[in-house]
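Enquirer: the following comprises the amino acid sequence and a computationally predicted model.
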Amino acid sequence: MDLSKIIRTAILAASAVAVSVSAQAADITGAGATFPFPIYSKWADAYKKETGNGLNYQSIGSGAGIKQIQAKTVTFGATDAPLKAEQLAKDGLSQWPMVMGAIVPVVNLEGVKSNDLVLDGKTLADIYMGTVKTWDDAAIKKLNPTAKLPSAAITVVRRSDGSGTTFNFTDYLAKVSPDWKSKIGAGQAVEWPVGVGAKGNEGVAGNVSQTKNSIGYVEYAYAKQNNLTYAAMINAAGKTVQPTVGAFQAAASNADWANSPGYYQILTNQPGDASWPITAATFILMHKTPVDKTASVEALKFFAWAFEKGDKMAEELDYIPMPAAVVKLIDATWSKEIATK
């Protein structure tokens, strides 16, 4: 993707400075969501090989990432829980979606393989509320009449940190379960009724992989990388769907990015027979008037490179690249909102 004229001009203007400080130049710094960490890592490795420039990204959770960019301690923040336009204006931030992915329930059940188990939103909410306590509960057996499910207690694993993955997961549960909506609600952090806390998608994936009869929720790339067993889901159309790129794309196709201030879109429980019900985008936050404009230019160069050359790498990890039309909108947003000179 070509950078806009304003950003190209800023890069040229900054080059004279960059030459004099190149020996001391720091890597691009960012912090936040664990959801996109696998693809950001993959992009960073390829970008450094191609350009020699590195990306120092701290996978610390969306809540912490938002706090760091608000405090101006990093060049960019990353969050799976988008900020609304009012908050962006208050903090002087620009926001855009970088890539899309999906959240999947993962289980550790002896003899159960991926897609052997089917869950619906209400049952998933009841498990996380502690009202469905064992794997042979009637609600689970009704959805899985032929499965051999143990009578063991369910070990519920959930996030302990402020998390955009949790934001999207609980947003989905609130949409499909009136009890969840009224008693717990949605947010980056909620008052969990039950469960063992773990930090980051990494922590939840690790905990589930080590704990028999457990259930957790993670970004799909973590499920694949850790060889976790994931459940199929019944979506808003009442259809049983597996977590596939096609199912994620079907859910994402409804997003109206062009008419969403700050690109604010929540992609959970979307209509359509093929839609995966817990699909989500992950977002980048940058200050409109950066403290270090040279660093901001370098960050924008990285993001532009990722949009131009990173789609295949994203797809290899089962993320969904942003559509070309949306990338053009984002390019215009950079030109309009972020001061680079």
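Expert: That came in fine, so what should we check first? Numbers count the residues shown, from 1 in each chain.
Enquirer: where exactly do the strands run in the stretch 101-250 of the chain?
Expert: All strands of the stretch 101-250 of the chain, identified by DSSP state E, counting those that start in this stretch, fall at 118-119, 155-159, 196-198, 214-219, 229-230, 232-234, 240-241.
Enquirer: can I get these in a markdown table with mean pLDDT and distance to Pro105?
Expert: Where C-beta positions appear, they are placed from N, C-alpha and C, glycine not excepted. A markdown table is the format used below for those (pLDDT from 0 to 100; distance: least, CB to CB, whole Å):
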| stretch | mean pLDDT | distance to Pro105 |
| --- | --- | --- |
| strand 118-119 | 98 | 6 |
| strand 155-159 | 98 | 10 |
| strand 196-198 | 97 | 15 |
| strand 214-219 | 97 | 6 |
| strand 229-230 | 97 | 7 |
| strand 232-234 | 98 | 7 |
| strand 240-241 | 98 | 13 |
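Enquirer: buried deepest among those, which one?
Expert: strand 214-219 (a mean of 28; mean count of other CB atoms under 10 Å).
Enquirer: relative orientation of that one and strand 155-159 in degrees?
Expert: 30 degrees (axes from the mean of the first three to the mean of the last three CA atoms, to 10 degrees).
Enquirer: quick one: which of the strands of the stretch 101-250 of the chain is nearest Pro323?
Expert: In this view, the strands of the stretch 101-250 of the chain are compared for proximity to Pro323 by CB to CB, and strand 214-219 is the closest at 20.2 Å.
Enquirer: show me what the closest one is in contact with.
Expert: 34-36, 38, 101-108, 127, 154-158, 165, 169, 198, 201, 204-205, 207-208, 228, 278 (CB atoms under 8 Å, 6 or more residues apart in numbering).
Enquirer: got it, and stretch 193-212?
Expert: With CB under 8 Å, 6+ apart, stretch 193-212 has contacts from 34-35, 37, 59-61, 106-110, 128-130, 152, 155-161, 163, 165, 183-184, 214-219, 222-223, 225-228.
Enquirer: what about these, which are in helices?
Expert: By the criterion of DSSP state H, membership of these in helices covers 37, 128-129, 165, 183, 222-223, 225.
Enquirer: would you map the helices across the stretch 201-341 of the chain?
Expert: 220-225, 245-252, 293-309, 311-316, 324-337 (DSSP state H, counting those that start in this stretch).
Enquirer: list the buried ones in the first one?
Expert: It refers to helix 220-225. By 16 or more other CB atoms under 10 Å, the buried positions in helix 220-225 come out as 220-224.
Enquirer: nearest to Gly246 among the ones in helices among the contacts of stretch 193-212?
Expert: Using CB to CB, the ones in helices among the contacts of stretch 193-212 come closest to Gly246 at Ala223, 16.8 Å.
Enquirer: let me see the contact set for that closest one.
Expert: Ala223 neighbours (CB under 8 Å, 6+ apart): 104, 106, 205, 230, 243.
Enquirer: could you do Pro271 as well?
Expert: Taking CB under 8 Å, 6+ apart as the test, what Pro271 contacts is 236-237, 254.
Enquirer: just the buried members of the residues you listed?
Expert: Ala236.
Enquirer: how about the contacts of Pro271 in TSV, adding pLDDT and distance to Asp331?
Expert: Output for the contacts of Pro271, formatted as TSV (pLDDT from 0 to 100; distance: CB to CB, whole Å):
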residue	pLDDT	distance to Asp331
Ala236	97	33
Ala237	97	35
Asn254	87	23
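Enquirer: save the contacts of Pro271 as CSV, and put in distance to Lys312 too.
Expert: Listed next are the contacts of Pro271 as CSV, based on distance: CB to CB, whole Å:
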residue, distance to Lys312
Ala236, 30
Ala237, 30
Asn254, 24
